[in-house]
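Asker: predicted model and sequence follow; I will ask about them next.
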Amino acid sequence: KQEVTQIPAALSVPEGENLVLNCSFTDSAIYNLQWFRQDPGKGLTSLLLIQSSQREQTSGRLNASLDKSSGRSTLYIAASQPGDSATYLCVPTEDTNAGKSTFGDGTTLTVKP
Amino acid sequence: GAGVSQTPSNKVTEKGKYVELRCDPISGHTALYWYRQSLGQGPEFLIYFQGTGAADDSGLPNDRFFAVRPEGSVSTLKIQRTERGDSAVYLCASSLRQGVMNEQFFGPGTRLTVL
């Protein structure tokens, strides 16, 4: 059974800092890994999707890396802004016909002005 | 609509009642997923549909939970004899098709409160 761990559980930084969110997963047989953002009381917004054959994906100030063999992914946020405050979720999808996705409990980020 | 929609947005019911939660996926998406999210935790997988059939229902907690997708589009999650522990946000997601570029798009969720 896939288990996903996200460290730290919570993070508070001043505006402008670069930061890294860490994710580890126990089963490396994944098809892809997706990073989501969730705002309080809202649904999930997809940020980046990395296919298992890829090492990283970039979108604006966000960069996600994937080391499938070691079961790790990181989300790098450059020049953080107060609007980045949210919970960030790491989601590997298993490499089977069912393609089940497993969520971590997330890292809750607060960026202070 | 452009995205995944879920109705109702909020549902309050009494213990022992029956509830139905509805999900309208993005048009053309063949894969549909249901998740449950408790406060402070990440979403927990419940069931996955590919077309009309449930490809994986291993996440359903017990036989009080059931989901259907009769025409391969709209899905309904049904909960019988609700219990207070069923209170959570129920999220639905869809993707173009399973396997290839399995990017999931989520709806806003239904917040279920069982009194």
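Answerer: Structure received. Residues are numbered from 1 along each chain as shown, chains lettered A, B, ... in the order given.

Asker: up against chain B, what does chain A have?
Answerer: A:4, A:31-32, A:34, A:36, A:42-46, A:49, A:51, A:89, A:91, A:93, A:97-106 (C-beta under 8 Å from any C-beta of the partner chain). No exception for glycine: its C-beta is placed from N, CA and C like everyone else's.

Asker: whichever of these end up buried, select them in PyMOL.
Answerer: Restricted to buried positions by 16 or more other C-beta atoms under 10 Å in any protein chain shown, the PyMOL selection for the residues of chain A next to chain B reads:
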select buried, chain A and resi 4+31+32+34+36+43+44+46+49+51+89+91+93+98+99+100+101+102+103+104+105+106
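
Asker: residue of chain A nearest chain B, please.
Answerer: residue A:103 (3.4 Å; C-beta to the nearest C-beta).

Asker: SS state for that residue?
Answerer: Assigned with DSSP: H, G, I helix; E, B strand; the rest coil, residue A:103 falls in the coil class.

Asker: which one is it nearest to, not counting chain neighbours?
Answerer: Closest residue to residue A:103 apart from its sequence neighbours, by C-beta to C-beta, 6 or more residues apart in numbering or on different chains: residue B:42 at 3.4 Å.

Asker: quick one, what contacts the one you found?
Answerer: Residue B:42 sits next to A:4, A:89, A:103, A:104, A:105, A:106 when contact means C-beta atoms under 8 Å, 6 or more residues apart in numbering or on different chains.

Asker: quick one, what contacts residue A:107?
Answerer: Residues in contact with residue A:107, defined by C-beta under 8 Å, 6+ apart, are A:6, A:7, A:8, A:9, A:10, A:11, A:21, A:22, A:87, A:88.

Asker: who's it bridged to?
Answerer: As for beta bridges, residue A:107 partners with residue A:88 under DSSP bridges.

Asker: let me know the pLDDT of it.
Answerer: For residue A:107, the pLDDT comes out at 96.

Asker: do you know how far it is from residue A:75?
Answerer: Separation of residue A:107 from residue A:75 (C-beta to C-beta, to the nearest Å): 8 Å.

Asker: again with residue A:30
Answerer: Residue A:30 is 16 Å from residue A:75, by C-beta to C-beta.
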